[in-house]
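**Q** I would like to see how this sequence folds:
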Amino acid sequence: MRYPHLFSSLQIGPLNLKNRVIMSGHSMKHGEADGTIGDRIVAYLTARAAGGAAMVSLESIPVHESSHNFDRQIRLFSDDCLPGLARVANAVHDAGSKISAILWHGGPNVSHFGRGPAWAPSAIPAPGTGEVAKEMTEDDIQSVIEGYRASAQRCLDAGLDALEVQTASNYLLGSFLSPVLNRRSDRYGGSEENRRRIVIEVLEAVREAVDGRLAVGVRTTVEPVVDDGTSRNTDACLQTMDDLKSRGLIDWVSVLNGSAYSRGTSIPTMDLPRAFMADHATRFRSHLGLPIFMAGRVREPAEAESLLADQRVDVIAMARSWIADPDWIAKVEADEEERIRPCMSCNQGCLGFNLRNKPGTCVVNPVAGREHLFGELEPAETTRRIAVIGGGPAGMETARIAAQRGHLVDLFESQDVLGGTMRLAGSAPHRSEILRPIEWWTRELNRLGVRIHLNRSVSKHDVLDADEVVWAVGGAPSQMSVLRRRPHLTDGIPGTEDLPHGRDVLKGHARVRGQVLVIDEEGAWPALSVVESIAACPEVSGVTVVTPVGQWGLPDLHLTAEIGAALQRIQDQDITVIENTTIESVSNMIARATDGQALGPLDDIVMTTGVTARPTPTSAVSAGDCVTPRGMWAAIHDAALLARSL
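**A** Below you'll find the model as predicted:
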């Protein structure tokens with residue numbers, strides 16, 4: 001066997017894992033409006049169970065009404081959840097896997113919007129909501145502990161296999177453990193022993209409820225929940241875990257990092273190294289002698305095997321890799337690992353949708369979280385010849401699914417490589433993982449027999465030997481984004497007609513030098529990619545960005561947890577960002593702002609101002625940015641729907 005450690009079994013308390021890869025718990029807002037479990041969760045988890053995960057986990061589930069945060073959140077504090085909980089447990093078992101749940105209280109991160117205040121050990125404003133939590137009384141604490149007990153009992157009654165108590169981040173139990181967030185002077189605050197008291201009492205209640213029939217572990221944050229300039233949290237965390245182990249309260253420890261104060265490491269972004277938690281996991285494993293679960297950007301089977309073989313971890317806990325490909329282990333087992341659809345850690349479909357209060361999905365796998373709607377891919381009733389024009393993400397996904405359904409597909413791309421604008425994004429600094437799905441699509445298209453025609457432009461007047469033509473040619477660089485705030489500028493900003501667009505720079509069609517001004521009205525990932533690419537040019541001596549927004553990068557980079565790292569890089573590269581400013585006109589390499597200030601003279605000026613949909617022939621169907629520009633997820637989602645209808 002190529003990966004013997006990956007496919008070895010592991011006994012954890014009463015739980016036997018058939019291999020060493022699980023799908024860790026993650027919130028995707030897949031519950032029903034009434035807080036129960038319905039078709040969406042059942043289909044989503046069952047797909048990953050059938051795909052080989054040794055165990056799949058439900059999201060962090062509130063154990064107490066004071067932790068209820070949104071309408072589609074499973075209400076483990078109510079018996080109403082029991083029928084759905086039993087249904088999904090049975091479905092996962094039938095698919096050959098185990099199922100767990102994360103027992104959770106959000107503490108200060110819960111925003112009730114009139115339901116009542118958030119609860120926390122001390123009255124400190126939450127970093128996300130800004131709301132000041134209520135300092136819990138001892139009666140409140142006992143009520144929450146009983147909530148954990150009752151929730152564990154419901155999980156046992158429903159037939160689950162394991163429970164993980166969430167002590168990580170600045171959620172309730174993590175806040176109690178933090179010397180910064182816990183300022184109490186009673187028996188639940190002060191010393192480390194007092195701060196961990198509630199965790200011990202919670203685990204004692206959970207253990208009593210499950211009576212040895214469910215495995216019980218904890219999820220913990222290994223670095224400071226709030227950075228106070230010391231490393232004390234790691235040592236204190238080890239001491240806490242050691243105490244829990246010595247009391248016989250835990251069967252495993254799941255290590256991760258970050259909190260609401262540093263989300264970019266709790267849901268790590270693509271600029272972070274692979275398996276960046278490995279050193280921490282190794283230390284915990286060596287110190288505790290307990291099975292260690294580790295999450296944090298493990299993407300490849302070889303990476304997982306190496307971590308297991310070197311005895312750095314015992315279980316690889318992945319979430320986003322399973323979101324991108326529900327058959328991750330099945331493909332490895334079939335010696336088809338090159339067919340694994342890769343997660344690129346973009347966070348746009350999973351975290352981004354979640355924070356928009358939408359059910360989570362995946363940019364490269366739009367079926368994720370919608371399995372109950374899409375269903376199984378059906379073969380075409382009649383084989384047809386399909387011509388797909390454009391080799392960007394929409395074109396590649398259309399061609400892939402059409403070929404998978406049995407159609408004969410020709411894919412035409414005007415460039416010498418596939419990928420379109422997505423490839424441009426992957427060419428920018430810190431964004432290279434965006435290229436991985438393009439490589440996967442290319443392999444799949446070749447495997448499925450799609451005939452790929454590179455360096456082949458197709459016009460709307462060309463006659464093709466096809467029963468159906470799909471237009472997926474993307475958008476053209478323009479000043480569309482300028483119209484968002486100044487719709488009267490139908491011809492764009494005066495004097496900028498001949499200036500290069502950021503996409504021209506990324507393509508290498510325009511070279512920049514010296515002092516460069518970027519007129520940005522697009523924002524988010526396109527602007528960041530352009531600016532960092534320009535700053536990396538050796539001929540460039542300085543970069544200034546002018547943007548109409550008050551906080552550059554918001555809200556999109558916040559929604560994907562990239563904003564902290566991105567803005568730090570901007571600062572480190574000495575890039576000047578002038579906010580709340582729009583450019584009125586450009587003349588002789590001097591940009592004049594609407595507030596009267598003049599910038600320049602400059603050596604180069606670059607526009608990052610959006611794209612316009614390219615025209616589609618009336619005889620063709622279309623997908624992606626040539627319908628209207630909306631980003632990668634929309635383009636791929638369009639394609640997935642369209643290809644199923646051909």
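**Q** buried ones in the helix or strand harbouring Arg283?
**A** According to DSSP states H and E, Arg283 maps onto helix 278-288. Using 16 or more other Cβ atoms under 10 Å as the test for burial, helix 278-288 gives Ala278, His280, Ala281, Thr282, Arg283, Phe284, Arg285, Leu288. Glycine gets a C-beta too; all of them are placed from N, C-alpha and C.
**Q** Give me the nearest residue to the third one, chain neighbours excluded.
**A** What it means is Ala281. Once flanking residues are discounted, Ala281 sits nearest to Met294: 4.2 Å by Cβ to Cβ, 6 or more residues apart in numbering.
**Q** Tell me who's in contact with that neighbour.
**A** Contact analysis of Met294 by Cβ atoms under 8 Å, 6 or more residues apart in numbering lists 254-256, 275, 277-278, 281, 307, 312-313, 315-317.
**Q** Please write out the alpha-carbon positions of the helix holding Arg283 in PDB.
**A** Output of helix 278-288 as PDB, limited to C-alpha atoms (Å, rounded to 0.1, in the frame of the first residue of the first chain):
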ATOM      1  CA  ALA A 278       2.900  20.400  12.700                       C
ATOM      2  CA  ASP A 279       5.500  21.600  15.300                       C
ATOM      3  CA  HIS A 280       2.800  22.300  17.800                       C
ATOM      4  CA  ALA A 281       1.100  19.000  17.200                       C
ATOM      5  CA  THR A 282       4.400  17.200  17.700                       C
ATOM      6  CA  ARG A 283       5.000  18.900  21.000                       C
ATOM      7  CA  PHE A 284       1.500  18.100  22.300                       C
ATOM      8  CA  ARG A 285       1.800  14.500  21.200                       C
ATOM      9  CA  SER A 286       5.200  14.000  22.800                       C
ATOM     10  CA  HIS A 287       4.100  15.700  26.100                       C
ATOM     11  CA  LEU A 288       0.600  14.200  26.500                       C
END
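**Q** so after it, what's the next helix or strand?
**A** Per DSSP H and E, helix 278-288 leads on to strand 292-294 as the next helix or strand towards the C-terminus.
**Q** That next one: partners in the sheet, and parallel or antiparallel?
**A** Partners of strand 292-294 in the sheet, by DSSP bridges, are strand 252-256 (parallel), strand 315-318 (parallel).
**Q** quick one: which of the ones you listed is nearest Ile99?
**A** Proximity to Ile99 (Cβ to Cβ) singles out strand 315-318 among the strands paired with strand 292-294, at 14.3 Å.
**Q** what's the closest one in contact with?
**A** Contacts of strand 315-318 (Cβ under 8 Å, 6+ apart): 6, 10, 17, 20-24, 54, 252, 254, 291-295, 298, 304, 307-308, 328.
**Q** what do you get if the cut-off is 6 Å, keeping everything else the same?
**A** Defining contact as Cβ atoms under 6 Å, 6 or more residues apart in numbering, one finds that strand 315-318 is touched by Arg20, Val21, Ile22, Ser24, Phe293, Ala295, Val298, Ala304.
**Q** What residues does the fourth one make contact with?
**A** Pointing back at Ser24 there. Ser24 neighbours (Cβ under 6 Å, 6+ apart): Ser57, Ala295, Ala317, Ala319.
**Q** Val531 versus the closest residue in space to the second one that isn't next to it in sequence, what's the distance?
**A** Taking Cβ to Cβ, 6+ apart as the measure, Ala295 lies nearest to Ala317, with 4.4 Å between them; neighbours along the chain are not counted. Spatial separation of Ala317 from Val531 under the definition Cβ to Cβ, to the nearest Å is 35 Å.
**Q** picking up where we left off before, just curious, which of the contacts of Met294 is nearest to Asn580?
**A** Proximity of the contacts of Met294 to Asn580 (Cβ to Cβ) peaks at Leu256, which lies at 37.0 Å.
**Q** For the closest one, name its beta-bridge partners.
**A** Following DSSP bridges, Leu256 is listed with bridge partners Thr221.
**Q** I'd assumed Ala295 was in contact with it.
**A** Yes - Leu256 is within contact range of Ala295, at 5.1 Å (criterion: Cβ atoms under 6 Å).
**Q** what about those two, which has more around it?
**A** Here Leu256 and Ala295 are compared on neighbour count by other Cβ atoms under 10 Å; more neighbours surround Ala295, at 28 against 25.
**Q** Which residues are in contact with the more buried one?
**A** Listed by Cβ under 6 Å, 6+ apart, the contact set of Ala295 reads Ser24, Leu256, Ala317.
**Q** Dihedrals phi and psi, Val516?
**A** Backbone torsions of Val516, given as degrees, to the nearest 10, read phi -120, psi 130.
**Q** Count the neighbours of it for me.
**A** By other Cβ under 10 Å, neighbour count at Val516 equals 24.
**Q** Let me see the mean pLDDT of stretch 72-90.
**A** Rounded to a whole number, the mean pLDDT of stretch 72-90 is 96.
**Q** roughly how far is it from the heart of the chain?
**A** 25 Å (Cα atoms, centre = their mean, to the nearest Å).
**Q** again with stretch 526-543
**A** Relative to the centre of its chain, stretch 526-543 is centred 26 Å away, using Cα atoms, centre = their mean.
**Q** What's the end-to-end length of that stretch?
**A** Distance between the two ends of stretch 526-543: 16 Å, counting by Cα to Cα, to the nearest Å.
**Q** Name the residues of it that are buried.
**A** Residues of stretch 526-543 classed as buried: Pro526, Ala527, Leu528, Ser529, Val530, Val531, Glu532, Ser533, Ile534, Ala535, Val540, Val543 (neighbour count, 16+ other Cβ under 10 Å).
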